[in-house]
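>>> sequence and predicted structure below; questions after.
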Amino acid sequence: MNNLNYVGIDIGSTASKVAVLGDHDEKFVLPTGWSSKETCQTIKMKLKEMGVDVESDDTIVVATGYGRVAVDFADHVITEITCHARGGRALSDSDSLAIIDVGGQDTKVILVEHGMVQDFLMNDKCSAGTGKFLEIMANRLGVTLNEIFDMASGGKVLPISSLCTVFAESEVINYIGQGCKREDIAAGVVDSVASKVAQLGMRKNLPDKVILTGGLSHSTYFTQILSDKVGKTVENTPDGRYAGAVGAAILGKEKSRRK
């Protein structure tokens, strides 16, 4: 019997992440675009090019995320909270921790104790504390998402008080009109997002072990700002953006073992 491949697919609102465990240990990310179904077909073809056939009996596919129902070839569909918790455990090598996941459209705080989800919070009312907010502001400043962090690290924070993305963008436009330095505006933007994420996290009693996942988890600068605001050391992980996909793949493997 051939070894099985376990595929975790996390269809997010902005990006779709894929993790493969087994004969082909791989990870890749694609823009979700306007159609989750089209993105799923692209993922299916890309996996086949890598030698992973999602329609084969040797491949187990688990879907999660915002557009998980669009993955019509999935063997299992599992909620984001469960998958992010399992992925966070794997990435941190810890069974008791808090996972702060900053996604494109929402932010999640997941508390895990002894390998089980004990509690979670999600902010999906407004994009002001998410990656989408940073993306919008980076575009307004004429830089990429990565560049806004580099720019912010050399600036002094200009306050952005609005809780709404539309009004916050107006504040940024006003700063630009006043001739304020882009570095200072960028520092204000990043600080604003970190503050909103921290406010969500501090609604719970965070343990000593806290990791950051999602699209901003690669940024040491953002992680440091967030650490200062929550009063805990927030760790970033190299594969943090793949937490949901990794968790989905691991859960697929664990389900197969139980069978």
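Structure's in. What do you need?

>>> who's in contact with residue 8?
18-21, 62, 64, 83, 87, 244-252 (CB atoms under 8 Å, 6 or more residues apart in numbering). For every residue, glycine as well, the C-beta is placed using N, CA and C.

>>> any idea what it is bridged to?
residue 19, residue 62 (DSSP bridges).

>>> quick one, grab the pLDDT at it.
Listed pLDDT for residue 8 reads 98.

>>> residue 242 is in contact with residue 25, isn't it?
No. Checked against CB atoms under 8 Å, the pair residue 242 and residue 25 is beyond contact range at 11.8 Å.

>>> who's more crowded, those two?
residue 242 (26 against 10; other CB atoms under 10 Å).

>>> OK, contacts around the most centrally placed residue in the chain?
With distances taken as CA atoms, centre = their mean, residue 214 lies nearest the centre of the chain, 1.8 Å away. Counting by CB under 8 Å, 6+ apart, residue 214 touches 101, 102, 103, 107, 131, 240, 241, 243.

>>> repeat that for residue 207.
96, 97, 98, 111 are the contacts of residue 207 under CB under 8 Å, 6+ apart.

>>> what's the separation between the residue nearest to the centre of the chain and residue 148?
According to CB to CB, to the nearest Å, residue 214 stands 16 Å off from residue 148.

>>> remind me which residues of the stretch 1-150 of the chain are low pLDDT?
Residue ranges of the stretch 1-150 of the chain with pLDDT under 70: 1-2, 124-129.

>>> where do the helices of it begin and end?
For the stretch 1-150 of the chain, helices defined by DSSP state H, counting those that start in this stretch occupy the ranges 36-49, 80-92, 131-141, 145-152.

>>> nearest to residue 119, of the ones you listed?
helix 80-92 (10.0 Å; CB to CB).

>>> name the helices or strands packed onto that closest one?
strand 5-11, strand 59-64, strand 97-102, strand 107-113, strand 116-123, strand 210-214, helix 243-258 (3 or more CB pairs under 8 Å, 6 or more residues apart in numbering; DSSP states H and E).

>>> distance from the chain centre to that helix, please.
11 Å (CA atoms, centre = their mean, to the nearest Å).

>>> tabulate the CA atom coordinates of that helix in CSV.
Only the C-alpha atoms of helix 80-92 are listed here, as CSV (Å, rounded to 0.1, in the frame of the first residue of the first chain):
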residue,chain,number,x,y,z
GLU,A,80,-11.0,27.4,11.5
ILE,A,81,-10.8,27.4,15.2
THR,A,82,-10.1,23.7,15.5
CYS,A,83,-7.6,23.8,12.6
HIS,A,84,-5.7,26.9,13.8
ALA,A,85,-5.5,25.4,17.3
ARG,A,86,-4.0,22.2,16.0
GLY,A,87,-1.7,24.0,13.7
GLY,A,88,-0.6,26.4,16.4
ARG,A,89,0.2,23.5,18.7
ALA,A,90,2.4,21.9,16.0
LEU,A,91,4.2,25.1,15.0
SER,A,92,4.9,26.0,18.7
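
>>> run the angle between it and strand 210-214 for me.
120 degrees (axes from the mean of the first three to the mean of the last three CA atoms, to 10 degrees).

>>> strand 116-123 and helix 80-92, what's the angle between them?
110 degrees.

>>> which residues pair with the residue nearest to the centre of the chain across the strands?
residue 102.

>>> roughly how far apart are it and residue 168?
From residue 214 to residue 168 the distance is 20 Å (CB to CB).

>>> and what of residue 223?
From residue 223 across to residue 168, the span is 22 Å (CB to CB).

>>> try residue 251
Counting by CB to CB, the gap from residue 251 to residue 168 is 37 Å.
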